[in-house]
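**Student:** can't give you the sequence, but here's the structure:
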């Protein structure tokens, strides 16, 4: 009826339903963590719009983000490189709001088709998928899946 407040039992029921519906969700920190090993599944973009994959390039690439701020890059069973990293806001273009960024202590020798990357934007990070985007001017996006 207009002008009357909802019954206290209805409010309690609504609050309980909302609380119960949210209990099985991951916390934001868990769902966006990049720590651990990630297998490269492919890249896309660049000036020519190519789509390199491990099969097409003839090598496997694994990124392992360590808790101590170190990134180890594996090619097959060998360590290709190690570099320090930190997570910090990254302004990708003049008018855009800052994005979550990975800043590397040295240039990242990640891929021959995208050499010399010093930072990347985390475009999408979920529990099992990570998309890293190179800054101007290579503009590749690299897709990774979490290794369990």
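**Tutor:** Cool, the structure landed. Source: prediction; values computed, not measured.

**Student:** number of residues surrounding residue 91?
**Tutor:** By other C-beta atoms under 10 Å, the residues close to residue 91 number 13. Every residue, glycine included, has its C-beta placed from N, CA and C.

**Student:** for residue 68, that is, sorry about that
**Tutor:** Residue 68 has 6 nearby residues by other C-beta under 10 Å.

**Student:** not counting sequence-adjacent ones, nearest residue to residue 46?
**Tutor:** With C-beta to C-beta, 6 or more residues apart in numbering as the criterion, residue 46 has its nearest non-adjacent residue at 5.2 Å, and that residue is residue 140.

**Student:** for this structure, just list every one of the strands.
**Tutor:** 36-45, 61-65, 70-75, 78-90, 99-108, 117-125, 129-133, 140-146 (DSSP state E).

**Student:** so which elements touch the fourth one?
**Tutor:** Here strand 78-90 is seen to pack against strand 70-75, strand 99-108, strand 117-125 when contacts are counted using 3 or more C-beta pairs under 8 Å, 6 or more residues apart in numbering; DSSP states H and E.

**Student:** residue 52 is nearest to which of the strands of the chain?
**Tutor:** strand 36-45 (4.9 Å; C-beta to C-beta).
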